[in-house]
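Enquirer: any chance you could fold what I've pasted below:
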Amino acid sequence: MIKSHGFTLIEVLIAMLVLALGLLGLAGLQATSLTNNVSAYNRSQATELAYDLADRIRANIAGLITYTSVLPANATAQSDCVAVSTTCTAADMAQNDLYEWNRNVTTTLPGGAGTIGVNSGVYTITINWDDNRDGNVNTSDPNFQTTFRL
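Expert: From the prediction side, this is the model:
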């Protein structure tokens, strides 16, 4: 009867291989988790930004035409609307709101862009961003869309 003491070299190598595969799987899981976390964060930011614009529109009903006739990317800052002013008209406020909102969308989300549309009294705010960071905002990237009535 032969007594065996300790581990053989093959047993140690097999144990190291199993451990290495487990750690590689864990690293892959961590990378996927981080990617999904960033995606969820961007979706939360898009939701917040869409509701922000909807609230701005509800607060400035008199400037409603401006919100739907000016593209957010073409809106300009209105210096008379930055502080409390009597010279800021409802249209100026809407233009300033669109400018600030577009600036927030483009700085918060990678490749972010937003639009607003109206159809039969239903307002639709859509925000697109480059979630997979391939440099293009396309159909493989998510978008957030919310609708509301006034």
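
Enquirer: please report how far residue 89 lies from residue 10.
Expert: Shown here: residue 89 relative to residue 10, a distance of 83 Å by Cβ to Cβ, to the nearest Å. Heads up, the C-betas are built off the backbone N, CA and C, glycines and all.

Enquirer: of those two, who's got more company?
Expert: In terms of neighbours (other Cβ atoms under 10 Å), residue 89 is the more surrounded of residue 89 and residue 10; the figures are 16 against 8.

Enquirer: so who does that one touch?
Expert: Counting by Cβ atoms under 8 Å, 6 or more residues apart in numbering, residue 89 makes contact with residue 63.

Enquirer: just the pLDDT for it.
Expert: In the prediction, the pLDDT value recorded for residue 89 is 89.

Enquirer: same question, the one 10 residues further on
Expert: What the model reports as pLDDT for residue 99 is 94.

Enquirer: where does it sit, in terms of helix or strand?
Expert: Taking DSSP states H and E as the definition, one finds residue 99 inside helix 90-108.

Enquirer: got the buried residues for that helix?
Expert: Buried residues in helix 90-108, defined by neighbour count with 16 or more other Cβ atoms under 10 Å: 91-102, 104-106, 108.

Enquirer: restricting to C-alpha, output it in CSV.
Expert: Taking Å, rounded to 0.1, in the frame of the first residue of the first chain, the C-alpha atoms of helix 90-108 are listed here in CSV:
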residue,chain,number,x,y,z
ALA,A,90,-43.3,84.4,-23.1
ALA,A,91,-41.7,83.7,-26.5
ASP,A,92,-38.3,84.8,-25.2
MET,A,93,-38.7,82.6,-22.2
ALA,A,94,-39.6,79.6,-24.4
GLN,A,95,-36.6,80.2,-26.6
ASN,A,96,-34.3,80.5,-23.5
ASP,A,97,-35.9,77.3,-22.0
LEU,A,98,-35.2,75.4,-25.2
TYR,A,99,-31.6,76.7,-25.3
GLU,A,100,-30.9,75.7,-21.7
TRP,A,101,-32.7,72.3,-22.1
ASN,A,102,-30.7,71.5,-25.3
ARG,A,103,-27.5,72.5,-23.6
ASN,A,104,-28.3,70.2,-20.7
VAL,A,105,-29.2,67.3,-23.0
THR,A,106,-26.0,67.6,-25.1
THR,A,107,-23.7,67.9,-22.0
THR,A,108,-25.4,65.3,-19.9
